[in-house]
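> I would like the atomic coordinates for the input below:
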Amino acid sequence: MIGVYVEPTARERLDIIRSTRSVAIVGMSADPSRASYFVATYLLSSSCSFQHVWFVNPKGGEILGRPVFRSLAELPEAPELVDVFRRSEDLPAVAAEVAATAGTRTFWAQLGLRSAEAAAIAADAGRNVVMDRCLKIEHARFAGGLSL
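Predicted structure coming up:
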């Protein structure tokens, strides 16, 4: 296991974003005031280069006219990046699910979320790890659209 999480550089985060075509938002909420909802609307916008954006929440259902899958295993294909909106104590379990999903390259935990255990699980499985960063902010920053 890795000892300490080492944050990827800006260049490494840019490379992750540029090479990603599919994203799963784990912990997606139907509440428009929640960060996951705001990020989802941004990722679904025409300014993003993501071909597939999937929503994952154990409750299932539909959000923004799209199906909500109960787990990563239910998705039609493996997402390249998993963007996590769950409590820090839930991150190791999500990291284990990411580690078990062939084809997933990146475990990304949103602003305020850190877990050394989750980082170790994902990194030991050969996944990129980004924590305490917002995918929307990072994408917009690199695309020059931070004000969107």
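> you'd agree L75 is up against F69?
Yes: if you go by Cβ atoms under 8 Å, L75 and F69 touch, sitting 5.4 Å apart. Where you see a C-beta, it was placed from the backbone N, CA and C, and this is true even at glycine.
> find residues that contact each of those two.
The contact sets of L75 and F69 overlap at A24, W54, V56 (Cβ atoms under 8 Å, 6 or more residues apart in numbering).
> most neighbours, which of those?
Most neighbours among the shared contacts of L75 and F69, by other Cβ atoms under 10 Å: V56, with 26 neighbours.
> for the protein, what spans make up the helices?
Assignment of helices within the chain using DSSP state H yields the ranges 10-19, 35-43, 91-99, 116-124, 135-143.
> and of those helices, who's closest to V84?
Of all the helices of the chain, helix 91-99 sits nearest to V84, with 5.2 Å by Cβ to Cβ.
> can you name every helix or strand that the closest one contacts?
Other helices and strands packing on helix 91-99, by 3 or more Cβ pairs under 8 Å, 6 or more residues apart in numbering; DSSP states H and E, are strand 81-84, strand 106-109, helix 116-124.
> got these as a markdown table, with distance to R141, mean neighbour count and mean pLDDT columns?
Converted to a markdown table, these look like this (distance: least, Cβ to Cβ, whole Å; neighbours: other Cβ atoms under 10 Å; pLDDT from 0 to 100):
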| stretch | distance to R141 | mean neighbour count | mean pLDDT |
| --- | --- | --- | --- |
| strand 81-84 | 16 | 27 | 98 |
| strand 106-109 | 15 | 26 | 98 |
| helix 116-124 | 22 | 21 | 96 |
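> make TSV from those and add distance to L43 to it.
Shown next, in TSV, are the helices and strands packed on helix 91-99 (distance: least, Cβ to Cβ, whole Å):
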stretch	distance to L43
strand 81-84	8
strand 106-109	12
helix 116-124	21
